[in-house]
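> just to be clear, the model below is a prediction. Sequence and coordinates:
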Amino acid sequence: MCIRCGWAGPEEIYIDYHDTEWGVPEWDSRALWEKLILDGFQAGLSWITILKKRENFRAAFAGFDPDVIAAWGAPEVERLLADPGIIRHRGKIEATITNAQAWRRIEDAGGFDVFLWDYVGGSPIQNRFASMADVPAHTPLSNRISKDLKRHGFKFCGPTIVYAFMQACGLVNDHLTACHRHAPVAAMARSRPDRAT
């Protein structure tokens, strides 16, 4: 029997996400931004709600291309508010545009990926939690990243959202020690690709 983190399941889409994506180190700047945006949309909701709508979000938000979204305005906001395939929350939609502009500034200054991975020294933090009760909702580091993101103009990026993002994108390995994914994800920490210049 395959042992997984307690939150993974029972739906197959959730199990697949846990087994193939969650905790895998993400080094791509655009993909990191997409995940942060989706975690912001999750605020007040369950992750599976977002997961089931993820492809709709990608279609509605131009493949989460921040260069495109940064130029959007009121017409795009109204279009998205009329889209039943996504979470129709004006504040979160408008924040996505603002966050695309903030991403552009950080990307131009040296890379959003570098900005984020520098917080953990370029290598994922390897936690060894035995139970879900041990896993924090946020940490001093997620508090710090949240404050810095807000200072750069990001919205919907509180400490709890940021920690969930860190877990999902592999900045921390929070798979439980008994989980079949803990060791494989830990091994990925040693295979960071060189950043294209």
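Great, that's in hand.

> every contact and neighbour count from this point should use C-alpha atoms.
Will do.

> what sits up against stretch 16-31?
Residues outside stretch 16-31 that contact it (CA atoms under 8 Å, 6 or more residues apart in numbering) are 8, 32, 64-66, 107, 111-113, 124, 167-175, 181, 185, 188-189, 192-193.

> can you tell me how far residue 43 is from residue 91?
Look at residue 43 and residue 91: by CA to CA, to the nearest Å, they are 12 Å apart.

> out of those two, which sits in the busier spot?
A side-by-side neighbour count of residue 43 and residue 91, using other CA atoms under 10 Å, places residue 43 first with 16 against 12.

> please verify my assumption that the more buried one contacts residue 162.
No. Because the distance of 10.9 Å does not satisfy CA atoms under 8 Å, residue 43 is recorded as not touching residue 162.

> can you give me the end-to-end span of stretch 123-132?
Counting by CA to CA, you get 23 Å between the two ends of stretch 123-132.

> how about residue 35: what's its closest non-neighbour residue?
Using CA to CA, 6 or more residues apart in numbering and skipping residues adjacent in sequence, the residue nearest residue 35 is residue 165, 6.8 Å away.

> enumerate every residue touching that neighbour.
Counting by CA under 8 Å, 6+ apart, residue 165 makes contact with 35-36, 39.

> could you pick out which of those are located in helices?
Under the assignment DSSP state H, those contribute 35-36, 39 to helices.

> between those residues, which sits nearest residue 98?
Of all the ones in helices among the contacts of residue 165, the one sitting nearest residue 98 is residue 36; the distance, using CA to CA, is 13.0 Å.

> count of residues packed around the closest one?
Other residues within reach of residue 36 by the criterion other CA under 10 Å amount to 23.

> could you report the distance from it to residue 190?
Relative to residue 190, residue 36 is positioned 23 Å away (CA to CA).

> again with residue 89
Using CA to CA, residue 89 is found at 39 Å from residue 190.

> more neighbours: which of those two?
When residue 89 and residue 190 are compared on other CA under 10 Å, the one with more neighbours turns out to be residue 89, at 13 against 10.

> check contacts around that one.
Remark: with contacts taken as CA under 8 Å, 6+ apart, residue 89 is in contact with residue 81.

> per-residue confidence at the nearest residue to residue 137 once chain neighbours are set aside?
For residue 137, the nearest residue in space outside its immediate sequence neighbours is residue 160; the separation is 5.7 Å by CA to CA, 6+ apart. On the pLDDT scale, residue 160 is placed at 97.
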